[in-house]
Every structure is written in C-alpha cells, then in structure tokens.
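pasting the sequence and the predicted coordinates here, then a few questions.
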Amino acid sequence: MVKTDKKIRVLMSKHILECHDRGIKTVIRMLRDAGFEVIYNIYRTPAEIVAAALEEDVDAIGLSFFSGAYFENVPDLMELIEKNSLQDVIVIVGGLIPDVDEPELLKMGVKGVFGPGSSLTRFIDLIKEHAASRPA
C-alpha cells in the first residue's frame, strides 16, 4: 500500500560541532511551506540522528554541513541506518559541499547532494517521490 494520507516527515539535523544554521533553517521553512512535517534535531551525532529517525518514523533525513565533516559522519550514519533496518529512509545532504565530493557521498548511499545554489524544487521532489513509494 502506498502512503496517501500520512504527512511526509523529514528529520533535519546538523553535525554536533557545527554552528552555522541559516541554510538549514531556510530549507526547513520551505519544506514546511510544501506541506511536510519537519523535525529539527540540531547538533546531533549519527547515533542520535538515527534514534530520532526511529522514534519519529521519518521518510527522509536531511543533513546540513558547513564543514567537511560529512566524510566522518555519513559513513557512521549509513552503518547505523542499516543496523536499525531503516534502509527505506533516504538520506540527503546539503551545505558547503564541493561538487567533487558528490560521487563519493552517493556511493555511500546518500540519495541527493545539494550544495549552494541547488534547486530546492528538486530537493522537495526527491523526498515526495521517495515517500510516495514507501509502504504504509
């Protein structure tokens, strides 16, 4: 059965050692304007993010990075996602991520990489398409 009546839920978070949050707050506002329910779990470790994803029954996890910490955090997060049987929850990353790093992040299992100037419409559509294909 395809989800039709349940609001799409997205967990948005930043790495525990980051403090720049203007970008993620803008994305959160746009997601809410698009009708999504957004859980903002700021400054968390991968384990805390996965625990929140389990508790909140989210469709997607969005992570914002100002630094290059994604190469330390995304592998841990993806491992915890697998260990907790959350493979049907997509992970999307954004922030100051150079285009050259995108292929490696995608190889790790990330479903979308959104750097400066990325299309927020594409970001929203990616989550909607994924949520529509998840079992209820």
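Perfect, I can see it now.

please enumerate the strands of the protein.
Counting by DSSP state E, the chain has strands at residues 9-15, 37-44, 60-65, 90-95, 112-114.

buried stuff in the longest one?
Right, the one you point to is strand 37-44. 38-39, 41, 44 (16 or more other Cβ atoms under 10 Å). Any C-beta I mention is one placed from the backbone N, CA and C, and that applies to glycine too.

pull up the pairing partners for that strand, direction included.
strand 9-15 (parallel) (DSSP bridges).

from L120, how far out is A131?
16 Å (Cβ to Cβ, to the nearest Å).

neighbour count for these two, which is higher?
A131 (20 against 14; other Cβ atoms under 10 Å).

so that one makes contact with I8?
Yes: using Cβ atoms under 8 Å, A131 makes contact with I8 at a distance of 4.4 Å.

overlap in contacts, the two.
59-60 (Cβ atoms under 8 Å, 6 or more residues apart in numbering).

check the gap between P75 and V110 for me.
10 Å.

more neighbours: which of those two?
Neighbours were counted for P75 and for V110 using other Cβ under 10 Å; V110 has more, 21 against 14.

hmm, G94 and the more buried one touching each other?
No: with contact defined as Cβ under 8 Å, V110 does not count as touching G94 (10.2 Å).

give the contact list for the residue nearest the centre of the chain.
Against the mean C-alpha coordinate of the chain, by Cα atoms, centre = their mean, the closest residue is G62 at 1.6 Å. By Cβ under 8 Å, 6+ apart, G62 lies in contact with 10-13, 24, 27, 91-94.

quick check, nearest of the residues you listed to D101?
For these, the closest approach to D101 (Cβ to Cβ) belongs to V93, at 9.4 Å.
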